[in-house]
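Visitor: Got a sequence here, can you model it:
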Amino acid sequence: MLNKFDIQIREGQEHAVIETAGYLNDALGEKLSEKARELIQSGHTQLVINLEKTTLINSIGISILIEIIEALEEREGTLNFCGLSATQERTFRMMALAKYAGIYPDEESAIENL
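Guide: Next up is the predicted model:
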């Protein structure tokens, strides 16, 4: 099913990991935004978004990721991405998301560099 999506949250003492699965469009994006806001409001200002199981990201998905970056900047937080495909990484770098958030090959290195 093309519209199937899922979000998993793993909370550590100092950070939280949000793992997405599915097409990062308006539906998954809204869920992601909601979960990120909840984490930030509860004091998690160091986040990792693992996109390993997210094969496509549209412009709405990108704009939601930018909103999360802005919300974390307001709280002097940190956001790292991991699990990006080569195309996603190029897109993130081209759109300057890499200027405001780290990009790492795997979750472990993303957490280590928060």
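Visitor: so the most centrally placed residue in the chain, which of the three states?
Guide: Nearest to the mean C-alpha position of the chain, counting by C-alpha atoms, centre = their mean, stands I49 at 3.1 Å. With DSSP: H, G, I helix; E, B strand; the rest coil as the basis, I49 sits in strand.
Visitor: dump the residue contacts of it.
Guide: If you count contacts by C-beta atoms under 8 Å, 6 or more residues apart in numbering, I49 has them with V17, I18, E19, T20, L32, A36, L65, I68, L79, N80, F81, C82. (Each C-beta comes from the backbone N, C-alpha and C, glycine too.)
Visitor: Distance to A96 and secondary structure for the residues you listed - can I get that in TSV?
Guide: Shown next, in TSV, are the contacts of I49 (distance: C-beta to C-beta, whole Å; DSSP: H, G, I helix; E, B strand; the rest coil):
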residue	distance to A96	secondary structure
V17	24	strand
I18	21	strand
E19	24	strand
T20	21	strand
L32	20	helix
A36	20	helix
L65	12	helix
I68	15	helix
L79	14	strand
N80	16	strand
F81	13	strand
C82	18	strand
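Visitor: quick check, nearest of these to Q88?
Guide: Here the nearest of the contacts of I49 to Q88, counting by C-beta to C-beta, is F81; it sits at 8.4 Å.
Visitor: Thanks a lot, see you next time.
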